[in-house]
Structures are given as structure tokens and as C-alpha cells.
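> A structural model of the following input is requested.
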Amino acid sequence: MKIRRLSAAALLAAALGAGMLANAAPAAATPAATSFAYIVGYYPSYASCSYVGEQGRRNGTWPWYTCFQSGSVWALQVPG
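Here you go, the predicted structure:
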């Protein structure tokens, strides 16, 4: 039996794809999902990044978002 090593991103994508259900198959047993995330903007503060991210999530533009510091600005990352 060949064991595949999955990256953290692939494991996260598989967990999100499975809905993290208690009865879901283990992530390693499912085919690795290809998932992409995009930077949609840079903001001067976490608050402004989070505000825009939350607006997009509420109006259905994206299902989730994350803000992370990139140099002196905050990047808004969303699924692709």
C-alpha cells in the first residue's frame, strides 16, 4: 500500500471539502483536492482588511477569508 504525503494546504482543503463531518473519511483516504486562494487586496490595518473580508463573506462573494500581515500592510486572502 503506497502512502501519500499531503501538504498542509491539501489536508486543509480536504477537511473543508469534507465539511469536517464526524463520519467523513480521513483526508488521506480521499483524493487530494486542488484548491487555490487569491489575494484580493492590501489594507493599511487588520481592521480595514477584516471589514472588507467580512462584507464579501456576508454578501456571498466568498465563503471565507483571512487577513495576514505582509510587510507593513495586511493582505486579504479568499478562495479561488
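> Residues contacting stretch 50-66, please?
Contact with stretch 50-66 is made by Val40, Gly41, Tyr43, Cys67, Leu76, Gln77, Val78, Pro79, as judged by C-beta atoms under 8 Å, 6 or more residues apart in numbering. C-beta coordinates here come from the backbone N, C-alpha and C atoms, glycine included.
> Let me see the ranges of the helices in this structure.
Applying DSSP state H to the chain gives helices spanning 8-17, 46-58.
> Just give me the lowest mean pLDDT stretch among the ones you listed.
Among the helices of the chain, helix 8-17 carries the lowest mean pLDDT, at a mean of 44.
> Mind listing the residues bridging to Cys67?
Leu76 (DSSP bridges).
> right, and it touches Val73 too?
No - with contact defined as C-beta atoms under 8 Å, Cys67 does not count as touching Val73 (10.2 Å).
> hey, what's in contact with both of the two?
With C-beta under 8 Å, 6+ apart as the test, Cys67 and Val73 both reach Tyr43.
> Between those two, which has more neighbouring residues?
Shown here are Cys67 and Val73; by other C-beta atoms under 10 Å, Cys67 has more neighbours (21 against 13).
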